[in-house]
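Asks: have a look at this prediction, sequence included:
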Amino acid sequence: MISRILAAAAEEGAAAPNPLIPAWYDITWSSVVFVVLLTFFWFKVLPGFKKMLDERAKAIEGRLAEAEAAQRSAEERTAFIEAEQAKLRSESSSIREEARSEGAAILAEMKAQAAAEAERLQQTVKNSLEAEREVAQRVLRAEIGELAIELASRIVGQKLQEDAVANKVVDDFISELEGKRA
Amino acid sequence: MKLFSALTLFAAEEGGFHPPSIMEFYPEIVAFEGTIFAINRIMMIRLIVLAALLVLFYFWTRSFKRAVRTGNVVPGRFQLLGEMALNFVRKNIAHDQLGEKDGDRFLPLLTTIFFMVLGMNITGIIPFANIAGSSVVGLPLVLAAVAYVTFIYAGIRKHGVKFFSNALFPAGVPKPFYALVTPIELLSTFILRPVTLALRLLMNMIAGHLLLVLCFSATQFFFFEADGLFKLFGAGTLIFGFAFTIFEILVAVLQAYVFTLLTTVYIQLALADEH
């Protein structure tokens, strides 16, 4: 198609130029444009572009490393806190255990003390009662003997001369009384 | 001014249908006529594209510098666009074909070729320019010559004189066949490569421009000079013109990509070790 168009065009113009043969000014301006652009891209645009890309890669890498370090330190802190917590937990449970056993011991001791105290009190009371009884018995015995002698002497009207006989009579009497009471 | 009038298209033409002609690509010389610095409309477009590229990439470079200075790793919208553009050549073309080390070595050249071809191509559909800066043979020719010199340089730098023998006498071919293979290799590697590079770009741009001119001048003719129902044809040619404009954007980007990619592949083949 192109060749037909070109042929048609060539018929019209008397001296149609060959489009494949360049004019000198055409070459000149093409070269000027090329050289200027090549210099511009080579020494201005591409170094700036490359520098920007490098800086960006560096910045992104730096930030990644930073984030990684932060994460690592956070993980370390978490692990530390967890260990601390576990330690505290075991400590507190051992303290609780100790307290419980101590409490049980104290309770047992108190109970024993109380029991001993009660026993002692009981014993004391019993002893004192016994003593009282004995005193009372003795007093009673003496009094009753005298009373009985007095009574008997009054009744008999005669004073018993011999104490031994009198004592024997009284004792016999009391034994009798006791046997009766029993 | 002569310079300004050169920028306006089809100024004050007579009536009638004007088919596109090859003279589209040889507009009037407006300055330095007869010297090697002669300037016509297309040369002016090239210089304007050059200025636009310089300004655009200057601003991008500045935003890269600001990002480095402030330690900002999150690019803004404008900066991101620049990164995508430069990374397209760096990663998708240079690093993919040549690896990181050699890719970075040839990156200035490849970046220049890509954005230069793209910038020059895209003026083909930009209003008031309406012709590609790469639609005259000089520019494709210069770039193809640069690509040619570069891949030969890369080969000689890596393999010394053996580069030529490796290229002309490929290993693993029985000796008698060299009589057939060597001329073919010579033709394809050292003659056809630069020629096809230049012609592919040039012809794409010439054909694109002629198609657009054909569509739009036909539309102009049908709308304003044809009678009766023929005016309706104008709608059809207008739609075609619109579609081809979109297509030319694709072609502009694609040709820039293809030119750069082929240059990279030639460099890669020159660097490749003998198998």
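Replies: Nice, thanks for sending it over.
Asks: does chain A sit close to stretch B:64-75?
Replies: Yes. With C-beta under 8 Å from any C-beta of the partner chain as the criterion, chain A is reached by stretch B:64-75 at B:64-65, B:67-68, B:71, B:73. Placement of C-beta: from N, CA and C, glycine included.
Asks: quick check on those residues: which are buried?
Replies: Among the residues of stretch B:64-75 next to chain A, the ones that count as buried by 16 or more other C-beta atoms under 10 Å in any protein chain shown are B:64, B:67-68.
Asks: you'd agree B:Ala226 is in a strand?
Replies: No. Read with DSSP: H, G, I helix; E, B strand; the rest coil, B:Ala226 is coil and lies in no strand.
Asks: pretty sure it sits against B:Thr237.
Replies: No. At 10.8 Å, B:Ala226 and B:Thr237 do not qualify as touching, with contact defined as C-beta atoms under 8 Å.
Asks: for chain A, which spans come out with low pLDDT?
Replies: Residues of chain A that meet the criterion pLDDT under 70 lie in A:1-15, A:155-162, A:182.
Asks: what about the helices in it?
Replies: For chain A, the helices defined by DSSP state H cover A:2-12, A:24-40, A:46-156, A:163-181.
Asks: deepest of the ones you listed, which one?
Replies: Burial of the helices of chain A is given as mean neighbour count (mean count of other C-beta atoms under 10 Å in any protein chain shown); helix A:24-40 ranks first at a mean of 19.
Asks: give me the contacts around that one.
Replies: Residues outside helix A:24-40 that contact it (C-beta atoms under 8 Å, 6 or more residues apart in numbering or on different chains) are B:29, B:32, B:35-40, B:43, B:46-47, B:49-50, B:53-54, B:57, B:108-109, B:112, B:115-116, B:136-139, B:141-143, B:146.
Asks: show me what contacts B:Ile131?
Replies: B:24-25, B:41-42, B:45, B:123-124, B:209.
Asks: which one of B:Ala226 and B:Thr237 has more residues nearby?
Replies: Taking other C-beta atoms under 10 Å in any protein chain shown, B:Ala226 and B:Thr237 do not tie; B:Thr237 has more neighbours (19 against 15).
Asks: and the single nearest residue of chain A relative to chain B, how far is that from B:Ser63?
Replies: Closest to chain B within chain A is A:Asp26: 3.1 Å, counting by C-beta to the nearest C-beta. Using C-beta to C-beta, to the nearest Å, A:Asp26 is found at 35 Å from B:Ser63.
Asks: report the buried residues of whatever helix or strand B:Leu80 lives in.
Replies: According to DSSP states H and E, B:Leu80 maps onto helix B:77-87. Under the neighbour-count criterion of 16+ other C-beta under 10 Å, helix B:77-87 has B:79, B:82-83, B:85-86 buried.
Asks: quick check: mean pLDDT of that helix?
Replies: Helix B:77-87 shows a mean pLDDT of 94.
Asks: nearest residue to residue 167 other than its sequence neighbours?
Replies: All of this is about chain A. Spatial nearest neighbour of A:Asn167, chain neighbours left out: A:Gly145 (7.8 Å); criterion: C-beta to C-beta, 6 or more residues apart in numbering or on different chains.
Asks: switch to chain B, please.
Replies: Nearest residue to B:Ala167, sequence neighbours excluded (C-beta to C-beta, 6+ apart): B:Thr189, at 5.3 Å.
Asks: so that neighbour touches B:Phe169, yeah?
Replies: No. Using C-beta under 8 Å, B:Thr189 makes no contact with B:Phe169, being 11.8 Å away.
Asks: what about these two, which has more around it?
Replies: Taking other C-beta under 10 Å, B:Thr189 and B:Phe169 do not tie; B:Thr189 has more neighbours (19 against 13).
Asks: so how far is chain A from the residue nearest to B:Ala167?
Replies: 21 Å (C-beta to the nearest C-beta, to the nearest Å).
Asks: got the phi/psi numbers for that residue?
Replies: When read as degrees, to the nearest 10, the backbone of B:Thr189 gives phi -80, psi -50.
Asks: next: B:Ala31.
Replies: Dihedral angles (degrees, to the nearest 10) for B:Ala31: phi -150, psi 150.
Asks: count the residues that sit near the closest residue to it other than its chain neighbours.
Replies: Nearest residue to B:Ala31 in three dimensions, chain neighbours excluded: B:Ile39, at 4.4 Å (C-beta to C-beta, 6+ apart). Residues lying near B:Ile39 (other C-beta under 10 Å) number 20.
Asks: please verify my assumption that B:Ile39 contacts B:Pro27.
Replies: No. Counting by C-beta under 8 Å, B:Pro27 is not a contact partner of B:Ile39; they are 10.2 Å apart.
Asks: for chain B, longest helix please?
Replies: Longest helix in chain B, counting residues (DSSP H): helix B:231-271.
Asks: does it reach chain A?
Replies: No. Using C-beta under 8 Å from any C-beta, helix B:231-271 stays clear of chain A, coming no nearer than 12.6 Å.
Asks: same for that helix, what does it pack against?
Replies: Secondary-structure packing of helix B:231-271 (3 or more C-beta pairs under 8 Å, 6 or more residues apart in numbering or on different chains; DSSP states H and E): helix B:96-122, helix B:138-159, helix B:193-224.
Asks: and the nearest residue to B:Val213 once chain neighbours are set aside, helix, strand or coil?
Replies: Leaving aside its chain neighbours, B:Val213 sits nearest to B:Pro20 (3.9 Å; criterion: C-beta to C-beta, 6+ apart). Per three-state DSSP, the secondary structure class of B:Pro20 is coil.
Asks: look up phi and psi at B:Pro20.
Replies: Torsion angles, degrees, to the nearest 10, at B:Pro20: phi -70, psi 150.
Asks: I figured it hits B:Ser217, correct?
Replies: Yes. Here B:Pro20 reaches B:Ser217: they are 6.9 Å apart, a contact under C-beta under 8 Å.
Asks: pull the contacting residues for the residue of chain B found nearest chain A.
Replies: Scanning chain B for the residue nearest chain A gives B:Gly138, at 3.1 Å (criterion: C-beta to the nearest C-beta). Contact partners of B:Gly138, counting by C-beta under 8 Å, 6+ apart, are A:22-23, A:26-30.
Asks: how distant is stretch B:104-111 from the center of its chain?
Replies: Offset of stretch B:104-111 from its chain centre (C-alpha atoms, centre = their mean, to the nearest Å): 16 Å.
Asks: enumerate the positions of stretch B:229-238 that are buried.
Replies: For stretch B:229-238, burial by neighbour count (16+ other C-beta under 10 Å) applies to B:234, B:237-238.
Asks: of the residues you listed, closest to B:Leu201?
Replies: B:Thr237 (26.8 Å; C-beta to C-beta).
Asks: my read: that closest one touches B:Phe223, true?
Replies: No. Using C-beta under 8 Å, B:Thr237 is not in contact with B:Phe223, being 9.1 Å away.
Asks: circling back: what mean pLDDT does the longest helix of chain B get?
Replies: Regarding helix B:231-271, the rounded mean pLDDT is 94.
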